[in-house]
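Colleague: A predicted structure for the sequence below; I have some questions about it.
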Amino acid sequence: MSTFLASSLLLTLMLPLSMAAQPPIAPQTTTAAQQPGGPNSGPAPAPPVLTGDAVQHPGVPVGKLSEKLTLRSQIYDGMLSDYWIYVPAQYDPQKPAAVMVFQDGAGYINRHGDHPALNVLDNLISKGKIPIMIAIFTDPGDISGSPGTPTYKVVEARAKKWSYTMKTAMRGTEYDVVSDRYPRFLHDELIPEVAKQYNLRSDAYSRAITGLSSGGICAFNAGWQRPDDFSRIITWIGSFTAIQWHETPEQLDGGQDFPAKILREEHRNIRVWLQDGNNDQENPQYGSWPMGNISMANALKLKGYDFHFSFGKGPHTAAEGGAEFAQEMIWLWRSYDPAKTSETFVQDPDEAVKPPFRVTVFNREP
């Protein structure tokens, strides 16, 4: 896994010239379907083997995962949203627990998958490397039961425009839109529902959020829009691209605008880990995932944010993020003190003296 490079960052530009002549949606051939990360990702190395705190160990107390629960949202006009609640073995109802929200949650709860978050939570909580926390694993919602509502009409129009399913279009409407709507869904609906059952901390110092791909930009957007709700953010293969740019008249910003927003808008008190790989998507509809993440990292660096950028060789999959998730969590929650409710995050001095990331194109003939 690559980390910070002192003077240059090697980036493979994976989009062949012939791609420009193809229709917006690449044909789903058997070869494309087998390409890790999809047809717009580059050639992928073998996924890393999960070791250490990513796997279960004998004797480590195992937290409890709830059955699948469903919430009906008013903010999204009757959308049904599935979620699961993880409660660590060390949870004491008399003591408020930290909180972490996972987008595309079903993928994280498989202890034998490529990003088994439950194993990491059990191991790191047992070792005292992260606080005792309630984890909320939430999936994108389903609007199909609310025809005629404003949200349904927007989702239906997007599905028809891009030949998406309604579920895919709903995920983009929740996750890729740069606004405070999804953060309000978390603040006003989902977290309060969980708080009916469990004693949760309400300070942003004790709350984290994460996601991958569109869930990655969603996690960053939640912290950006509501830094008083979430101060700790992890994004994997984040879609800082034009997926929802001008999809409706109200959507003036897209994910590709976040680097500029970081540079020009008021500083937020957030700590951010970005993960991506140089074989991530070069997408003919929405743009470049690697370049978007590099731009995010440089913007965060130049504005003095407490951030880390992990840039490997992976495609548009969760494999590299999952392999380093324990490392990410230790970094994200470092110096956490349950007696505190706030901390001003500053850029690490070792990072501050390093230069911005530079790009070398090495996959073209000279």
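Modeller: Happy to help now that I have it. The structure presented is a predicted model; accordingly, all values stated were derived computationally and were not measured.

Colleague: mind listing the helices for the stretch 201-350 of the chain?
Modeller: Using DSSP state H, counting those that start in this stretch, the helices found in the stretch 201-350 of the chain span residues 214-225, 258-264, 289-302, 319-323, 325-332, 349-352.

Colleague: The second one: how far from the chain's middle?
Modeller: The chain centroid and the centroid of helix 258-264 are separated by 18 Å under Cα atoms, centre = their mean, to the nearest Å.

Colleague: And the average pLDDT for it is what?
Modeller: The average pLDDT for helix 258-264 rounds to 98.

Colleague: try the longest one
Modeller: Per-residue confidence for helix 289-302 averages out to 98 on the pLDDT scale.

Colleague: what angle sits between that helix and helix 214-225?
Modeller: Following axes from the mean of the first three to the mean of the last three Cα atoms, to 10 degrees, one obtains 20 degrees for the angle between helix 289-302 and helix 214-225.

Colleague: If you average pLDDT per helix and strand, which one of this structure comes out bottom?
Modeller: strand 9-10 (a mean of 40; mean pLDDT, DSSP states H and E).

Colleague: just the helices in the stretch 1-150 of the chain please.
Modeller: 30-34, 117-127, 150-162.

Colleague: which one of those has the most crowded surroundings?
Modeller: helix 117-127 (a mean of 22; mean count of other Cβ atoms under 10 Å). Backbone N, C-alpha and C define where each C-beta goes, glycine included.

Colleague: name the helices or strands packed onto that one?
Modeller: strand 133-138, helix 325-332 (3 or more Cβ pairs under 8 Å, 6 or more residues apart in numbering; DSSP states H and E).

Colleague: again, only using 10 Å
Modeller: Judged by 3 or more Cβ pairs under 10 Å, 6 or more residues apart in numbering; DSSP states H and E, helix 117-127 is in contact with strand 80-87, strand 98-103, strand 133-138, helix 325-332.

Colleague: for the helices of the stretch 201-350 of the chain, which one sits closest to residue 56?
Modeller: helix 325-332 (12.7 Å; Cβ to Cβ).

Colleague: quick one on the thing from earlier: of all the helices of the stretch 201-350 of the chain, which lies closest to residue 81?
Modeller: Among those, if distance is taken as Cβ to Cβ, the winner is helix 214-225, at 13.1 Å.

Colleague: chain center to the closest one: distance?
Modeller: 7 Å.

Colleague: likewise stretch 152-168?
Modeller: For stretch 152-168 - counting by Cα atoms, centre = their mean - the centre lies 22 Å from the chain centre.

Colleague: ditto for stretch 232-241
Modeller: Centre to centre, stretch against its chain (Cα atoms, centre = their mean), the figure for stretch 232-241 is 4 Å.

Colleague: show me what contacts residue 217?
Modeller: 103, 175-178, 211, 224, 235, 237-241, 243-244, 254-256, 258, 292, 296 (Cβ atoms under 10 Å, 6 or more residues apart in numbering).

Colleague: do the same with residue 79
Modeller: 71-73, 140-146, 149, 151-152, 155, 170, 173-174, 185.

Colleague: Same check on residue 45?
Modeller: 36, 277, 279, 312-315, 319-320.

Colleague: Kindly report the same for residue 105.
Modeller: Residue 105 neighbours (Cβ under 10 Å, 6+ apart): 68, 82-86, 117, 135-140, 211, 215.

Colleague: Residue 78 too?
Modeller: If you count contacts by Cβ under 10 Å, 6+ apart, then residue 78 has 72, 141-143, 145-147, 149, 151-152 around it.

Colleague: Quick check on those residues: which are buried?
Modeller: 141-143, 146, 151-152 (16 or more other Cβ atoms under 10 Å).

Colleague: and of those residues, the nearest to residue 189?
Modeller: residue 141 (10.8 Å).

Colleague: where's the closest one relative to residue 76, distance?
Modeller: According to Cβ to Cβ, to the nearest Å, residue 141 and residue 76 sit 6 Å apart.

Colleague: Can you pull the residues that touch both of those two?
Modeller: 151, 155, 170, 173-174, 185.

Colleague: and those residues, which two are the farthest apart?
Modeller: 155 and 185 (14.7 Å).

Colleague: Cross-check the contact I'm expecting between residue 98 and residue 209.
Modeller: No: counting by Cβ atoms under 10 Å, residue 209 is not a contact partner of residue 98; they are 11.8 Å apart.

Colleague: higher neighbour count, these two?
Modeller: Per other Cβ atoms under 10 Å, whichever of residue 98 and residue 209 has more neighbours is residue 209, with 28 against 22.

Colleague: was I right about the more buried one contacting residue 99?
Modeller: Yes: counting by Cβ under 10 Å, residue 209 touches residue 99, with 8.9 Å between them.

Colleague: list residues touching both of the two?
Modeller: What both residue 209 and residue 99 touch, as defined by Cβ under 10 Å, 6+ apart, is the set 136, 229-230.

Colleague: now that we have those, which one has the most neighbours?
Modeller: residue 230 (27 neighbours).

Colleague: What does the pLDDT read for the closest residue to residue 93 other than its chain neighbours?
Modeller: Once flanking residues are discounted, residue 93 sits nearest to residue 199: 5.5 Å by Cβ to Cβ, 6 or more residues apart in numbering. pLDDT, residue 199: 98.
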